[in-house]
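[1] Curious how this folds, go ahead:
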Amino acid sequence: MPWPAHFDAQTLRPTVPVSSCLVLATSRNAACPCGSGRKFKRCCADSLVRPKRVAETHDAVGERMRAWAFEQEPDAIRAALAEITASHKDAVLGDADLALIACWALNDRELSEGGTLAQRYAQRPDLSVDEADMARRIAAARPGLLRVVDARPGHWIDLDDIVRERQARVISHLVSRTVRKDEMLVARIMEGPPAQSLWGPVATLTRECGRDLIDLRKARILSSSLQDSPIGLSTAMHLAAREITTLLAPGLTHSAELRRVA
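    Model (predicted):
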């Protein structure tokens, strides 16, 4: 069941209507709303018309990143799996669980020598300029708490980004077909250009799971002394990425609905 739009101010602040900054340029010769400085027709126009093509490009880079990690960094992958399932010895992991764990292992889990596997992949000298740029944007995609404002099925979703206190329109080929207004999602926004998109698995929160997430977020803010930090919520979500992954994995908690991203 989606949460109502009027949230407790101490948990999730009330949302506001999508601002005019989300209205995409209607003229192909106008400046692209993504802020790249290029004309709309030479930047994000194609991605908004053909989001499936963008999703396929992102998926291809993600698959190469995962394959590289499993081949070149098997110890790190095994350690990540052992770490996140340490208290769930009898759990039977399905595809949704493995997708969540793999995303956390690549994007969030800090290596002993610093950085993440995704960041290490993006630094490979043999990557093309385009692949390295996309890999860096994948590596920078952090878990966020998002409310669905509107959607055009097969094209885009308008979101309130609760953690970063902003609004975003993300292109989405698949998730846009199934979301409902006011649903709360845990997902990662990948910056453009082309236009912003979702990256990795998307979880739809139940009320119970949402309360657990709020408690987890509060605990991380307090333990890390982030109460007065302007990026406290975002930092707390990143620091709690492992616990959030465990909370959302259906094979471990059965508390959230997972959607494929594209």
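
[2] can you pull out the helices in the stretch 1-150 of the chain?
    For the stretch 1-150 of the chain, helices defined by DSSP state H, counting those that start in this stretch occupy the ranges 45-49, 51-72, 74-84, 95-107, 117-122, 129-139.

[3] So for the third one, mean pLDDT?
    Mean pLDDT, helix 74-84: 93.

[4] Show me what counts as buried in it.
    Buried residues in helix 74-84, counted by 16 or more other C-beta atoms under 10 Å: Ala76, Ile77, Ala80, Ile84. Any C-beta I mention is one placed from the backbone N, CA and C, and that applies to glycine too.

[5] Which helix or strand contains the most centrally placed residue in the chain?
    Compute the mean C-alpha point of the chain, and by C-alpha atoms, centre = their mean the closest residue is Arg188, 0.9 Å away. Element membership for Arg188, per DSSP states H and E: strand 184-190.

[6] Residues touching that strand, excluding its own?
    2-3, 12, 58, 103, 107, 137-138, 140-148, 159, 161, 168, 170, 175, 179, 196-205, 210, 213, 244, 248, 256, 261 (C-beta atoms under 8 Å, 6 or more residues apart in numbering).

[7] Restricting to C-alpha, output the next helix or strand after that strand in PDB.
    The first helix or strand that comes after strand 184-190 along the chain, using DSSP H and E, is strand 197-205. Provided in PDB are the C-alpha atoms of strand 197-205 (Å, rounded to 0.1, in the frame of the first residue of the first chain):
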ATOM      1  CA  SER A 197      17.600   7.900 -15.000                       C
ATOM      2  CA  LEU A 198      17.200   5.200 -12.400                       C
ATOM      3  CA  TRP A 199      20.000   2.800 -11.700                       C
ATOM      4  CA  GLY A 200      19.900  -0.600 -10.100                       C
ATOM      5  CA  PRO A 201      17.000  -2.400  -8.500                       C
ATOM      6  CA  VAL A 202      14.000  -0.300  -7.200                       C
ATOM      7  CA  ALA A 203      12.200  -1.200  -4.000                       C
ATOM      8  CA  THR A 204       8.600  -0.100  -3.200                       C
ATOM      9  CA  LEU A 205       8.300   0.500   0.500                       C
END
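
[8] Please renumber the chain so that the first residue is 3 from this point on.
    That works, and once the first residue is 3, the last one we named lands at strand 199-207.

[9] Now do strand 199-207: which elements does it pack against?
    Applying 3 or more C-beta pairs under 8 Å, 6 or more residues apart in numbering; DSSP states H and E, one finds that strand 199-207 contacts helix 53-74, helix 97-109, strand 168-173, strand 186-192, strand 258-261.

[10] Count the neighbours of the nearest residue to Lys54 once chain neighbours are set aside for me.
    Distances taken as C-beta to C-beta, 6 or more residues apart in numbering place His175 nearest to Lys54, at 4.5 Å, with adjacent residues excluded. A count of nearby residues for His175, using other C-beta atoms under 10 Å, gives 22.

[11] Now do the same for Arg30: its pLDDT.
    pLDDT at Arg30 comes out at 78.

[12] I'd like to know how many residues surround the residue nearest to the residue nearest to the centre of the chain when sequence neighbours are not counted.
    Of all residues beyond its chain neighbours, the one nearest Arg190 is Ala143 (3.9 Å), with distances taken as C-beta to C-beta, 6+ apart. Residues lying near Ala143 (other C-beta under 10 Å) number 21.

[13] likewise Leu187?
    22.

[14] Can you report how many residues neighbour the residue nearest to it when sequence neighbours are not counted?
    Of all residues not flanking Leu187 in the chain, Leu148 sits nearest, at 4.6 Å (C-beta to C-beta, 6+ apart). Neighbours of Leu148 under the rule other C-beta under 10 Å: 27.

[15] Also the one 3 residues further on?
    If you count neighbours by other C-beta under 10 Å, Val151 ends up with 20.
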